[in-house]
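Here's a sequence, model it:
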Amino acid sequence: MTDPGRLDRTIVGIISGFLLPVIVSLIMYLFSSGDKTIIEYFNRLVSANILTHIISLSAFSNLILFLIYNRFDMFRATRGIIGITIFWALLVFAIKFLA
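Residues are numbered from 1 along each chain as shown. Here you go, the predicted model:
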């Protein structure tokens, strides 16, 4: 098993906090797209005005990573999770209110 101290880096938290919501979004696409391409699915989300809801639900998955990193006292990685979650929140804000 790997040493948790070796993974306790801010960049690990940033990368995992970015990739997990992307993976969750792709899983949502696979279960709800039907026979649409990813571009058609994205256009449907934009036209239905629910893109920010999908991003928020995907970013909510960072809570799981936050709790795991916090449980193993990986506080630098936890800092990266918080930072990237703030990025996701700012992205939702920008899409919702500025676009």
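
Apart from its neighbours in sequence, what residue is nearest M28?
The spatially closest residue to M28, leaving aside those adjacent along the chain, is I54, at 6.5 Å (Cβ to Cβ, 6 or more residues apart in numbering). From N, CA and C alone the C-beta is placed, and that goes for glycine too.

For whatever helix or strand that neighbour lives in, what is the distance to the chain centroid?
Using DSSP states H and E, I54 sits within helix 51-60. Once both centres are worked out by Cα atoms, centre = their mean, to the nearest Å, helix 51-60 turns out to sit 8 Å from its chain's centre.

cool, and stretch 68-82?
The chain centroid and the centroid of stretch 68-82 are separated by 15 Å under Cα atoms, centre = their mean.

Run through the residues that contact the most centrally placed residue in the chain.
Nearest to the mean C-alpha position of the chain, by Cα atoms, centre = their mean, lies P21 at 2.5 Å. Counting by Cβ atoms under 8 Å, 6 or more residues apart in numbering, P21 touches 55, 58-59, 61-62, 88.

residue contacts, the closest residue to T78 other than its chain neighbours?
Of all residues not flanking T78 in the chain, Y69 sits nearest, at 4.5 Å (Cβ to Cβ, 6+ apart). Y69 is in contact with 13, 75, 77-78, 81, counting by Cβ under 8 Å, 6+ apart.

so which pair among those residues is furthest apart in space?
F75 and I81 (10.3 Å; Cβ to Cβ).

buried sites along the helix or strand containing L19?
Here L19 is covered by helix 10-32, with elements defined by DSSP H and E. By neighbour count on 16 or more other Cβ atoms under 10 Å, the buried set for helix 10-32 is 10, 12-14, 16-18, 20-21, 24-25, 29.

got the angle between that helix and helix 51-60?
Here helix 10-32 points in a direction 130 degrees away from that of helix 51-60 (axes from the mean of the first three to the mean of the last three Cα atoms, to 10 degrees).

Just give me the neighbour total for S61.
18 (other Cβ atoms under 10 Å).
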